[in-house]
Structure formats: C-alpha cells, structure tokens
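Q: Sharing a sequence plus its predicted fold:
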Amino acid sequence: MLKIGYVLILIAGAGLVGFLGFRVVSLLIQSPGIHPFFKGLILCAGVGVILTLGGLVMEKRKEDKHASGDNE
C-alpha cells in the first residue's frame with residue numbers, strides 16, 4: 001500500500017511540474033516584450049538544467065547500485 005501511495009504522489013507531482021512548465025513556456029513564448037533571441041536562450045538554459053538534473057539522478061542511482069555490492 002505504501003508503494004502505491006508513493007507512486008500516486010510522484011504521478012501527481014510530475015503532472016503538476018509538467019503543467020507549470022507548460023504554462024511558463026507558453027507565457028514566455030507569448031510575451032511580446034522579450035526579444036526572440038533571449039526567449040531562445042532562456043528555453044535552452046531551462047532544457048540544460050533539466051538534462052543536468054536528470055544526469056545527476058542517473059549517476060546517483062548507478063553509484064548507489066555499485067555501492068551496495070562493496071560491502072560483500
């Protein structure tokens with residue numbers, strides 16, 4: 001039951017983050033006061049942050065998987 005609860009919380013959080021990300025990107029694209037060049041830079045920076053965080057999570061999981069075998 002606890003795992004089901006965790007999964008539901010993660011699904012709700014991912015949906016909320018996805019919706020907020022969509023709203024931020026759509027507001028950025030529709031704002032007339034920002035030059036398109038800077039809009040592109042902001043979006044590239046956001047994608048870079050997301051990819052970096054994803055890579056760090058993947059590396060941490062690999063490290064934890066290998067660390068569990070070190071105690072043997």
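A: That came through fine.

Q: and the host helix or strand of residue 3, average pLDDT?
A: Assigned by DSSP states H and E, residue 3 falls within helix 2-30. Average pLDDT, helix 2-30: 94.

Q: In terms of secondary structure, what does it contact?
A: Applying 3 or more Cβ pairs under 8 Å, 6 or more residues apart in numbering; DSSP states H and E, one finds that helix 2-30 contacts helix 36-68. The way it works is simple: take the backbone N, C-alpha and C, and place the C-beta from them, glycine included.

Q: for the helix it packs on, packing partners?
A: Counting contacts by 3+ Cβ pairs under 8 Å, 6+ apart, helix 36-68 packs against helix 2-30.

Q: List the residues that contact residue 29.
A: By Cβ atoms under 8 Å, 6 or more residues apart in numbering, residue 29 lies in contact with residue 39.

Q: Tell me how far it lies from residue 39.
A: 7 Å (Cβ to Cβ, to the nearest Å).
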